[in-house]
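**Q** no sequence for this one, just the structure:
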């Protein structure tokens, strides 16, 4: 069964809207929990921040994959566009694997939680810690520089509690 390009676009956009709505509902639910009258400790807020970020990142990446898949499977896309979409998809998978590996390595150094975001221009590392000692920062820099091609000047470490 052949699906028309217009129908594919509508389908992809519908899925993206559904993901956006799901993210909004999750955000509302988490914020509602945080603003309830119960006292909140820093651990719950930190855990919620990291969980919410991961959920948003996953939803965004799912949308990106759907968009790239639509380009790859479209009969109206040029071969260059399909090749570029496949290359972007592979790059996204590699980036996801690297981020997961770096997060695991940073958490192995004793941090409560960590989020790593790679881009073409640098690396952001958010760690679940109120303050960082020079030794902890050096450990994170060492992990990122040994696992990626980025230098110390391209790495930002952000403590979060």
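**A** Nice, thanks for sending it over. Quantities reported herein were computed from a predicted structural model and do not represent experimental measurements.

**Q** Give me the residue at the spatial middle of this protein.
**A** Nearest to the mean C-alpha position of the chain, by C-alpha atoms, centre = their mean, lies residue 57 at 3.5 Å.

**Q** Now the element after the helix or strand hosting that one, going C-ward?
**A** Per DSSP states H and E, residue 57 falls inside helix 42-73. Following helix 42-73 in sequence order, the next helix or strand is helix 79-107 (DSSP H and E).

**Q** what residues are up against residue 126?
**A** Neighbouring residues of residue 126 by C-beta atoms under 8 Å, 6 or more residues apart in numbering: 53, 114, 115, 116, 117, 158, 159, 160. Any C-beta I mention is one placed from the backbone N, CA and C, and that applies to glycine too.

**Q** of those residues, buried ones?
**A** The neighbour-count criterion (16 or more other C-beta atoms under 10 Å) marks 114, 115, 116, 117, 160 among the contacts of residue 126 as buried.

**Q** Mind pulling up the pLDDT for residue 146?
**A** pLDDT, residue 146: 96.

**Q** ok, how many other residues are close to it?
**A** 8 (other C-beta atoms under 10 Å).

**Q** for the helix or strand hosting it, which positions count as buried?
**A** Residue 146 is part of helix 134-147 when elements are defined by DSSP H and E. Within helix 134-147, the residues scored as buried using 16+ other C-beta under 10 Å are 136, 137, 139, 140, 141, 143, 144.

**Q** a markdown table for the residues you listed, including distance to residue 69?
**A** Rendered in a markdown table, the data for those read as follows (distance: C-beta to C-beta, whole Å):
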| residue | distance to residue 69 |
| --- | --- |
| 136 | 40 |
| 137 | 40 |
| 139 | 38 |
| 140 | 35 |
| 141 | 37 |
| 143 | 33 |
| 144 | 31 |
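
**Q** Give the ranges of residues in the protein that sit below the confidence cut-off.
**A** Applying pLDDT under 70 to the chain flags the ranges 1, 3, 32-47.

**Q** ok, the nearest residue to residue 62 once chain neighbours are set aside to residue 31 distance?
**A** Using C-beta to C-beta, 6 or more residues apart in numbering and skipping residues adjacent in sequence, the residue nearest residue 62 is residue 19, 6.2 Å away. According to C-beta to C-beta, to the nearest Å, residue 19 and residue 31 sit 18 Å apart.
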